[in-house]
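# Everything below, folded, please.
(one chain, ligands or ions: 1)
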Amino acid sequence: MERYDFIVVGAGIAGASAGFSLSHRARVLLIERESHPGYHSTGRSAALYVQTHGPEAVRAITRASRAFFLDPPAGFADAPLLTPRGMMFIARADQTDALERSFRESIRTVGAVRRVDAREARAMVPVLREDYIAGAILDPEAMDIDVHAVHYGYLRGLRSRNGAVVTNAELRGLDFRSGFWTAHTAAGEFSAPVIVNAAGAWCDKVAALAGAAPVGLVPKRRTAFIFDPPAEIDTRRWPSVHDVGESFYFKPDAGRILASPADETPMEPCDVQPDDLDVAIAVERIQAAARIPVTHIIRRWAGLRSFVADGLPVVGYDPKVDGFFWLAGQGGYGIETSPAMGRLCASLATRKGIPSDLADSGINERMLSPARLVAAI
Ligand SMILES: Cc1cc2nc3c(=O)[nH]c(=O)nc-3n(C[C@H](O)[C@H](O)[C@H](O)COP(=O)(O)OP(=O)(O)OC[C@H]3O[C@@H](n4cnc5c(N)ncnc54)[C@H](O)[C@@H]3O)c2cc1C
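Model (predicted):
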């Protein structure tokens, strides 16, 4: 049986970034149930890097990921990982209080966030309806992420340091004896003293295989679709446009428009599919706000964003099961937080504590530990 220092379960962005960081000093095996990494949430995102959304701790982790994205290690990727996009929250007259709250929160994280009046918002995105929009705020530092380049950069880096990625390798059972786990997978048996549970929506299921208590993970479906704007509309310089009440968003995507109703429907973990009703709801909301005909939807999909009760990620050793490490609950932020989450995982899994930059921005072990949730359930 092949022996490793760490077996990481799940080759989405969480498992890939953890494997990448761990492989600097350890021999790592990444096992993935599907035939290619990124089949689930990682391959279904809206590809945004935004420092002004999510709970405070998530914002700190996103911020701590910026330097890696802007200046990745040599050979990590051939092209920039982030490209300027900007993100605009728009509000109707009845949403101006919410917009003001959002402004006050956002400016604490990104000093460049600014209020934008209806006229300027319409100058940036001319399809916005004058009888809809009362005001907006702009986060000029929001960017598009090349998710595929980031994900494959981690996987390539892991392999180059003697790590291995095995696909079609669903984890089906775990035994712990004499300080080593044996992972029984569809691709054979592997052994390591530590299992890193990075199985996305399936993290509580993987924990059950190890005899660990669940952390109460709730996967929530989010729908997205792509359509072509009319030829005369030039979307290239638009920021990503979000309703301040989080009931829809749309953004340019390679000459097309990616849109979402920002739905959050709780589900069992599965290969989630979009519901036509959610797509229709998004079209209706977007057309109430903007003059964009949606005549032909080119592609629609859904993915799972998985959260625990307090909305923070779960990173740390299980309080009761030896050698079982959690990396779960990335919610809607798993791509943009992945560089710092990978570092954090590697540092905690090798008992080195919180990296100093994250500690300086207020992150501590207790706030992310699975123990906070296992105790609460
Ligand atoms: C529509 C949408 C828009 C989003 N937009 C953004 C965004 O703009 N920015 C952002 O940062 N985030 C965004 N997200 C969130 C982001 O996609 C997720 O947080 C992230 O992909 C989670 O990564 P993961 O590796 O934890 O999960 P996954 O990518 O789902 O990976 C988990 C992997 O574990 C594998 N697995 C499960 N069980 C087993 C087992 N027993 N054995 C072996 N393998 C197993 C699965 O097959 C899967 O490949 C969005 C999500 C959605 C759905």
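# ok, now which ones touch the residue of the stretch 101-250 of the chain found nearest the ligand?
Closest contact between the stretch 101-250 of the chain and the ligand, by CB to the nearest ligand atom, is at residue 200 (2.7 Å). All C-beta atoms are positioned from the backbone trio N, CA, C, and that covers glycine. Contact analysis of residue 200 by CB atoms under 8 Å, 6 or more residues apart in numbering lists 10, 12, 14, 40-42, 269, 304, 306, 328, 330.
# Let me know the secondary structure of residue 59.
Here residue 59 is helix, with the state taken from DSSP: H, G, I helix; E, B strand; the rest coil.
# And it, how far from the ligand?
Distance check for residue 59 against the ligand: by CB to the nearest ligand atom, to the nearest Å, it reads 12 Å.
# what's the burial count for the residue nearest to that residue when sequence neighbours are not counted?
Leaving aside its chain neighbours, residue 59 sits nearest to residue 109 (4.9 Å; criterion: CB to CB, 6 or more residues apart in numbering). By the measure other CB atoms under 10 Å, the count of residues near residue 109 is 19.
# Which pLDDT value belongs to the residue most central in space within the chain?
Taking CA atoms, centre = their mean, the centroid of the chain lies closest to residue 334, which sits 2.1 Å from it. Per-residue confidence (pLDDT) for residue 334: 98.
# Does it touch residue 15 like I think?
No. In terms of CB atoms under 8 Å, residue 334 does not count as a neighbour of residue 15; the distance is 10.6 Å.
# Show me where the stretch 101-250 of the chain has its strands.
Assigned by DSSP state E, counting those that start in this stretch, the strands in the stretch 101-250 of the chain fall at 114-117, 135-139, 143-145, 164-166, 171-177, 180-185, 188-192, 194-197, 218-227, 240-243, 249-253.
# Residue 259 pairs with what?
Counting by DSSP bridges, residue 259 forms beta bridges with residue 225, residue 250.
# Neighbours of it, how many?
Here the number of neighbours of residue 259 (other CB under 10 Å) works out to 27.
# How about the residues of the stretch 51-200 of the chain by the ligand?
With the criterion set to CB under 6 Å from any ligand atom, the stretch 51-200 of the chain comes near the ligand through 170-171, 198-200.
# Generate a PyMOL selection restricted to the buried subset of those residues.
Of those, the buried ones go into a single PyMOL selection, burial set by 16 or more other CB atoms under 10 Å:
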select buried, resi 171+198+199+200
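# Out of the residues of the stretch 51-200 of the chain next to the ligand, which sit inside helices?
Among these, none falls in helices (DSSP state H).
# sec struct for residue 344, please.
Criterion first, three-state DSSP; result for residue 344: helix.
# does it really touch residue 353, like I thought?
No. With contact defined as CB under 8 Å, residue 344 does not count as touching residue 353 (9.9 Å).
# More neighbours: which of these two?
residue 344 (27 against 13).
# Next one, pLDDT for that one please.
What the model reports for residue 344 is a pLDDT of 98.
# OK, contacts around it?
61, 315, 354-355, 358, 363, 368.
# so which of those comes closest to the ligand?
Minimum distance to the ligand across these is 10.5 Å, recorded for residue 61 (CB to the nearest ligand atom).
# who touches the closest one in this structure?
313, 333, 337, 340-341, 344, 358, 363.
# List, out of those residues, those positioned next to the ligand.
Taking CB under 6 Å from any ligand atom as the test, the ligand is in contact with residue 333 out of the contacts of residue 61.
# Lovely, talk soon.
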